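J.: What would the 3D arrangement of this be:
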Amino acid sequence: MNTIAELRKSYELAELDEAHSQADPHKQFELWMQQALDAQLPEPNAMTLATVSAEGRPSTRVVLIKGVDERGIVWYTNFESRKGRELAANPFAALQFHWVELERVVRIEGRVERVSDAESDVYFASRPLDSRIGAWASPQSEVIASRVVLLGNVAKVSARYLLNPPRPPHWGGFRLVPDGWEFWQGRKSRLHDRLRYRLDQARWIKERLAP
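T.: This next block holds a predicted model:
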């Protein structure tokens, strides 16, 4: 049996160079995201979200992207969860997409803001009923005695709101407004392609980083 230290993979699927990448990182991301969708990867919209507490302790978790445009990257969550509390105390974060099958990584950093109530309302209304009930039933990140607590909360919420639970006031969207992007394409011999886009005034500067 191989040990972890002996695991090796040679990345040889594609390349990423300055001449054939987009000048705007939003367009480069949209291109790669569409290619991940076309490849029918499992959960191509899954991303790691890194936040930092007021005490300076980092934490990560996987969330799902639910919107992207020139304004930034959007996801939805409980504002009272650990990530919600940390973003309230320190409104900067980092995101990472890892599309293993395409040998690609995208890293995004920037300031985080809440989306408008109207945007959160529209997305919440589009969710399946069970998910809307769950947003009320789960005191996310809090200690609970057992799963029975969750099931009891679900029953109470279902009885109260029937088929039309409104959006909870503690639930909604965050948007990361990027000021830095990195696109990583695996290459042979660990000589990977890394293109970084950094914001200088209102202009994106594209640079190659050593692997």
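
J.: for stretch 20-33, the distance to its chain's centre please.
T.: Here stretch 20-33 is found 17 Å from its chain centre; the criterion is CA atoms, centre = their mean, to the nearest Å.

J.: same deal with stretch 202-211?
T.: 22 Å.

J.: Let's see the distance spanning it from one end to the other.
T.: Terminal residues of stretch 202-211 lie 27 Å apart, using CA to CA, to the nearest Å.

J.: Buried residues in that stretch, which are they?
T.: 204, 206 (16 or more other CB atoms under 10 Å). For the C-beta atoms, the positions are set from N, CA and C on the backbone; glycine is no exception.

J.: which non-adjacent residue is nearest F92?
T.: R111 (5.7 Å; CB to CB, 6 or more residues apart in numbering).

J.: for the residue nearest to G134 when sequence neighbours are not counted, helix, strand, or coil?
T.: In space, and not counting its chain neighbours, G134 is closest to V154: 7.2 Å by CB to CB, 6+ apart. V154 falls in the helix class when you classify it by DSSP: H, G, I helix; E, B strand; the rest coil.

J.: what distance separates stretch 150-158 from the centre of its chain?
T.: 28 Å.

J.: contact partners of that stretch?
T.: 133-134, 136-138, 144, 165 (CB atoms under 8 Å, 6 or more residues apart in numbering).

J.: try 6 Å
T.: Contacting residues not belonging to stretch 150-158 are listed as 133, 136-137 [CB atoms under 6 Å, 6 or more residues apart in numbering].

J.: just stretch 188-207 next, same as before
T.: So stretch 188-207 is contacted by 10, 12, 15-16, 21, 25, 179-187, 209, 211 (CB under 6 Å, 6+ apart).

J.: redo that, cut-off 7 Å
T.: 10-12, 15-18, 21, 23-25, 179-187, 208-209, 211 (CB atoms under 7 Å, 6 or more residues apart in numbering).

J.: do stretch 55-75 as well
T.: Under CB under 7 Å, 6+ apart, the answer for stretch 55-75 is 26, 29, 45-52, 76-77, 82-83, 86, 95, 108, 110, 115, 123, 173-178.

J.: List the buried residues of it.
T.: Buried, per 16+ other CB under 10 Å, within stretch 55-75: 63, 65-66, 68, 72-75.

J.: Can you check the distance spanned by that stretch, start to finish?
T.: So stretch 55-75: terminal residues 24 Å apart, CA to CA.

J.: Closest to the centroid, which residue in this protein?
T.: M47 (3.8 Å; CA atoms, centre = their mean).

J.: Please identify the buried residues of the helix or strand encompassing that one?
T.: Here M47 sits within strand 46-52, counting by DSSP states H and E. Neighbour-count burial for strand 46-52, with 16+ other CB under 10 Å as criterion, is recorded at 47, 49-52.
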